[in-house]
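> sequence and predicted structure, then a few things I'm wondering about:
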Amino acid sequence: MIALRTNEEIALLKENALLVSKTLAEVGKRIQPGVTTLELDKLAEIFIRDHGAEPAFLGYDGFPNSLCISVNDVVVHGIPSAYRLQEGDIVSIDCGTRYKGYYGDSAYTFAVGEISSAAKQLLQVTKESLYKGIEQALAGNRIGDIAAAVQGYAEQFDYGVVRKMVGHGIGRKMHEAPEVPNFGRRGHGKALKEGMVICIEPMINEGTKEVYLDEDGWSLHTEDNKLSAHFELTVCIRKGKPEVLSTFEYVEWESK
Ligand code: MG
Ligand code: MG
């Protein structure tokens, strides 16, 4: 069963989505060489609680922190630690909130100082692939239209599109039906209907699409240890034009 949300529910999901977007911007302001990923996690937790919400990742399936922080070859689910970010790293910050009974979930991959041109292209293409997917998030389309748009765009650059992890519906739980893969065939999969709310989140690798699980039980690494990027936004399915509930505007305004 895929839920169709009322306008009241969509408004609450949007409050969560915007809080997550603002949290990412707060974290983004502090990203620089020398900062530990645990410091970033703490400031996000405080910011979320100061807004009357709860960090949704903390304790989720036993996850120990408020943010997933995934550096360089870590695709997703990196655990904040004493690691100090270094010039040239790329770092994915994935954040979730719970507020008024609903959830928010969004991710952005940041550059730490000056990064290589190869890394810049990976970030750019991954973000663009997300927007290609969002363009297809329309009533009357199917999940496969989103999936094929993301995959087709990223693979033009010979990047690996991660299969193991996928996007998802969001509502009164963080992960709800449907699954939203970043690979698939146009015209296939579940039909999109007005009022569905989904998280689209391409995870794109510089090299192979294959990943392995770290000994820590959480972090997913690229199998060839090349870079991986991850961007995620929450989208409400509408007729004619998707309604994007979260935004990168706060992040990108702060980094200007
Ligand atoms: Mg996320
Ligand atoms: Mg998600």
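Happy to help now that I have it. Ligands and ions are numbered 1, 2, ... in the order given.
> tell me the contacts of the closest residue to ligand 2 within the stretch 151-256 of the chain?
Distances between the stretch 151-256 of the chain and ligand 2 by Cβ to the ion are smallest at residue 199, namely 4.2 Å. In short, each C-beta sits where N, CA and C put it, glycine included. By Cβ atoms under 8 Å, 6 or more residues apart in numbering, the contact set of residue 199 is 105-106, 167-170, 180, 232-235.
> go again using 7 Å as the cut-off
Neighbour list for residue 199: 105, 167-168, 170, 180, 232, 234 [criterion: Cβ atoms under 7 Å, 6 or more residues apart in numbering].
> export those to JSON lines and append columns for distance to residue 45.
Converted to JSON lines, the contacts of residue 199 look like this (distance: Cβ to Cβ, whole Å):
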{"residue": "105", "distance to residue 45": "16"}
{"residue": "167", "distance to residue 45": "24"}
{"residue": "168", "distance to residue 45": "23"}
{"residue": "170", "distance to residue 45": "20"}
{"residue": "180", "distance to residue 45": "27"}
{"residue": "232", "distance to residue 45": "19"}
{"residue": "234", "distance to residue 45": "20"}
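> before we move on, back to that, the residue of the stretch 151-256 of the chain closest to ligand 2 sits in which helix or strand?
strand 197-200 (DSSP states H and E).
> send the alpha carbons of that strand over as PDB?
The C-alpha trace of strand 197-200 is given here as PDB (Å, rounded to 0.1, in the frame of the first residue of the first chain):
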ATOM      1  CA  VAL A 197       5.500  11.500  -1.100                       C
ATOM      2  CA  ILE A 198       8.900  10.000  -1.900                       C
ATOM      3  CA  CYS A 199      12.600  10.500  -1.300                       C
ATOM      4  CA  ILE A 200      14.700  10.300  -4.500                       C
END
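> that strand pairs with which strands, and in what direction?
strand 167-169 (antiparallel), strand 233-236 (antiparallel) (DSSP bridges).
> buried sites along that strand?
197-200 (16 or more other Cβ atoms under 10 Å).
> tell me the one among these nearest to ligand 1.
Using Cβ to the ion, these come closest to ligand 1 at residue 199, 6.5 Å.
> so what's that closest one scoring on pLDDT?
Per-residue confidence (pLDDT) for residue 199: 98.
> quick check: it vs residue 164, distance?
Note on residue 199: its distance to residue 164, by Cβ to Cβ, to the nearest Å, is 16 Å.
> related to what we said a few turns ago, tell me which of the buried residues of strand 197-200 is nearest to residue 119?
Within those, proximity to residue 119 (Cβ to Cβ) peaks at residue 200, which comes in at 22.2 Å.
> hey, what's that closest one bridged with?
In beta-bridge terms (that is, DSSP bridges), residue 200 pairs with residue 233.
> equivalent analysis for the one 5 residues further on, please.
Residues found in beta-bridge contact with residue 205 (criterion: DSSP bridges) are residue 160, residue 228.
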